[in-house]
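Predicted structure and sequence below. I'll ask about it afterward.
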Amino acid sequence: MRPIICGIVGIMLAMGAVAPDAANAGPALNVYGAASLKEFLQDSESAFEKNHPGVDVRVNLNSSSRLRIQIEQGAPADVFLSANTQCMDPLVEHNLTEDATIFAHNRLVVLTPRSNPAGIDSPGDLAQSSLKLVVAAPETPIGRYTLASINKMDSSGAFGTSFKAKVMSNVCSQEPTVKSVVAKVHLGEADAGISYVSDVSPAINAKVLMIGIPDDYNIVADYPVAVVSGSRAKTIGNAFVRFVLSPEGQKLLQKHGFIPARVQR
Amino acid sequence: MRAGRNSILLVLSLPALLLVILPIVGLFWSAQLSRIGSYVCCGPVAEALTLSLTTSGITALLVILLGTPLAYWLAYGNFRGKRFFDTLIDLPVVLPPAVAGVALLMTFGRVGLIGKHLSAAGITIPFTTAAVVLAQSFVAGPFYIRQARVGFESVPRQLMMASLTMGASPLRTFFRVTAPLASHAILAGLVMAWARAVGEFGATLMFAGNLQGVTQTMPLAIYTSLESNPNAAIVLSVTLVATSFLVIIVTKFLLDTTNRASEPTAARP
C-alpha cells in the first residue's frame, strides 16, 4: 500500500513541476467573446497566433451579459467583444475598458429544423398555435434583439392581433446562449428558433432552414470591441483589436456571416 | 491520552471541514439578506422554489418505488451478469450532467430512440415538467439504489430465513424484517438522491429547457439571474441552501424517531 501511495504522490508532484513550464509557453491573451462569435474567434485565434508567434490566445465564450459581469467582478480578460453596446457601455463608462469600436453587425433570422415539422414559411407563422419556439434568455443581447424584433412586428399591425402575446405563449424554453437555441433547433426538438444570421455555419446550414425577417422588422446588432483596462497584455490586446478591424479580420467576419463594420474597397 | 488523540484528530479533520463549510459561509456572508424579501417573494422565484420542491419530491417517490425492487434484486440475486448490472447502475453518477442531458435528448427527444415512437402517439417529453422529473430521476436514482442495496446486503440472512420458516410470507418478511433493518441505509440513500435531484442543473437545462413555472427549477433560476442581477443570484442560492438543509434535517429527525419506535425486537440490543 505505501509504495503505491508514494508513487501516486510522486506522479502528482512531477506533474506539478511540469505544468508551470507549459503555462509559460509565451504571453497569453485572454479574449472574452460573445457566443455568436465562436467560429470567427476560432479562426482569428489561428490567424493571430500565426502572425504573432509565441502568443497564446485563449478564448472565453459566453453570453455578453455574463461576460460583462465577469469583467466587472475582476476576471482576467484582456479584450472584450460584445454582441451589443448595452453590455459594453457600462464598462467604458466606469473605465473598466478603454474606448470601444464597432467591428461588426449582425441580423436576426428564424430557424427551423430541415424537416420543418410546423410548416413555418414566414415570421408571421411564429404566432400559430402549439408551436414549440425556442429563444435566448431575455437578459442576453440576442434575447433582447429577439424581443425588439417581435415588438416591431407586433406594433406594425401587419401580423394580426395580439401577435406578440401569441408568439410569447409559444416560447417553450429560454436558453442561456444563442448556440443552445441553434442546437435545440437542429436537433429537431424545437419547431423554430430565432438566432443571428451568423450562427448558421456551413455545418448547421445542412440541418436547418432559414426564414428571413424583413428589414423593417429586423434588428441590426452592433458588435463593439475594447481592450480591458486591467489587462496586463495591453500591447498584444491592441494588436488583436487592430487585427479584428483590419481587412483580413473583416473578411473573416464576412466569411462567418457577419456584416463587416468597415466597408472593403 | 484520550483528549490528546481527540485533538489531533480534530486538527487533521480541520482542512476538510473548512473546505466544506467555508464556501457556504462565503455565500451567506455576501448575501444582502436584508433584501431577501424583495427577491424571494416575487413570482419567478416563488415559482422556481415550488417547482424545485415539487419535482424533487416526485423524484424521491419514484426513486424509492422503482429503486427498491432493483436494489433488492442486486443485493440478493445470484446471477451471472450481477457485477455488470452493478456497474451499469453506477453510470449516471459518473456521467457529466450535460452528457446525461444529451443522452436523455437522444433517447426521449422528439426524434430520439424511444421519443420518436412517443411522438407518433402524441406524447412529447422535452420542455415539460415531466422532463424535469425524468432528468432528476436519471441522475439521482443510482444514489438511492446503491445505498439501499448496501443496506439490504447488511441484513443477516438468518433473520430473514427465521421469519420465513416461522410462516411469514416473503412480502411480510420484507416489510417487517428486512426493510426495517435496512432502514438507515434506505433513508440515507433517499436523502442523497433527493439532494442530488434538487441540485440537478446540466441535464435539466439540456433536456427540459428553461421556462419559468414549467421547467425553471431553482438552480436554473439562479443561473439565469446571474446574467442580470448577481445579488439576486446570491440571495437565491442562500435560500436554496437553507431550504435544502431544513428539509434534510427535518426528514432525518422525523424518520429517526419513527424508526426507533418501530424497531423489531430482534434488532434491539
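Cool, the structure landed. Given the structure is predicted, the values throughout are model-derived calculations rather than measurements. Numbers count the residues shown, from 1 in each chain, chains lettered A, B, ... in the order given.

And the residue of the stretch 151-265 of chain A closest to chain B?
As assessed by CB to the nearest CB, chain B sits closest to residue A:173 within the stretch 151-265 of chain A, at 2.9 Å. From N, CA and C alone the C-beta is placed, and that goes for glycine too.

So that residue, which state does it fall into?
Three-state call for residue A:173 (DSSP: H, G, I helix; E, B strand; the rest coil): strand.

so what's it closest to, chain neighbours aside?
What sits nearest to residue A:173 in space, not counting adjacent residues and going by CB to CB, 6 or more residues apart in numbering or on different chains, is residue B:209, at 2.9 Å.

Per-residue pLDDT of the one you found, please?
Here the pLDDT value assigned to residue B:209 is 93.

can you tell me which residues contact it?
Neighbouring residues of residue B:209 by CB atoms under 8 Å, 6 or more residues apart in numbering or on different chains: A:134, A:172, A:173, A:174, A:175, A:184, B:126, B:127, B:131, B:215.

Could you rerun that using 10 Å?
Applying CB atoms under 10 Å, 6 or more residues apart in numbering or on different chains, we find residue B:209 in contact with A:132, A:134, A:171-175, A:180, A:184, A:189-190, B:126-128, B:131-132, B:215-216, B:220.

Residues of chain B that sit close to chain A?
Listed as neighbours of chain A in chain B under the rule CB under 10 Å from any CB of the partner chain: B:102, B:105-106, B:109-112, B:115-116, B:119, B:124, B:126-128, B:205-212, B:214-216, B:220, B:223-230, B:233.

List buried residues within the residues you listed.
B:102, B:105, B:109-110, B:112, B:115, B:119, B:124, B:126-128, B:205-212, B:214-216, B:220, B:223-228, B:233 (16 or more other CB atoms under 10 Å in any protein chain shown).

next helix or strand past the helix or strand of chain A with the lowest mean pLDDT?
Of all helical and strand segments in chain A, the minimum by mean pLDDT, DSSP states H and E falls on helix A:2-23, at a mean of 64. Moving toward the C-terminus from helix A:2-23, the next helix or strand (DSSP states H and E) is strand A:28-34.

Now find how far off-centre the very next helix or strand once past that following strand is within its chain.
Remark: after strand A:28-34, the chain's next helix or strand is helix A:38-51, criterion DSSP H and E. With CA atoms, centre = their mean, to the nearest Å as the basis, helix A:38-51 stands 15 Å off its chain's centre.

now stretch A:208-227
Offset of stretch A:208-227 from its chain centre (CA atoms, centre = their mean): 12 Å.

Mind checking the pLDDT average for it?
94.

Ok, stretch B:120-133 next?
The model assigns stretch B:120-133 a mean pLDDT of 93.

Just the C-alphas of that stretch, formatted as CSV.
Taking Å, rounded to 0.1, in the frame of the first residue of the first chain, the C-alpha atoms of stretch B:120-133 are listed here in CSV:
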residue,chain,number,x,y,z
ALA,B,120,-46.2,9.5,-33.1
ALA,B,121,-48.5,8.7,-30.2
GLY,B,122,-48.8,12.4,-29.4
ILE,B,123,-46.5,12.4,-26.3
THR,B,124,-43.6,14.7,-26.2
ILE,B,125,-41.4,14.9,-23.1
PRO,B,126,-38.8,17.7,-23.7
PHE,B,127,-39.8,21.1,-22.4
THR,B,128,-42.3,19.7,-19.9
THR,B,129,-42.2,19.4,-16.1
ALA,B,130,-42.2,15.6,-16.6
ALA,B,131,-38.8,16.0,-18.4
VAL,B,132,-37.5,17.7,-15.2
VAL,B,133,-38.6,14.7,-13.1
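
ok, and for it, which residues are buried?
Residues of stretch B:120-133 classed as buried by neighbour count (16+ other CB under 10 Å): B:124, B:125, B:126, B:127, B:128, B:129, B:130, B:131, B:132, B:133.

Just give me the closest of these to residue A:201.
residue B:126 (23.8 Å; CB to CB).

Are we agreed that the closest one is in a strand?
No. Assigned with three-state DSSP, residue B:126 falls outside any strand and is coil.

what about it, distance to residue B:64?
26 Å (CB to CB, to the nearest Å).

same thing with residue A:4?
With distances taken as CB to CB, residue A:4 is found 39 Å from residue B:64.

Residue A:110 now?
45 Å.

Who has more neighbours out of those two?
Neighbour count, other CB atoms under 10 Å in any protein chain shown: between residue A:110 and residue B:64, residue A:110 has more, with 24 against 19.

ranges for the helices of chain A?
In chain A, the helices defined using DSSP state H lie at A:2-23, A:38-51, A:64-72, A:85-93, A:141-156, A:163-170, A:178-186, A:202-205, A:234-245, A:247-255.

what's the span of stretch A:204-224 from first residue to last?
End-to-end span of stretch A:204-224 (CA to CA, to the nearest Å): 25 Å.

my guess is residue A:258 contacts residue A:81, does it?
No. At 11.1 Å, residue A:258 and residue A:81 do not qualify as touching, with contact defined as CB atoms under 10 Å.
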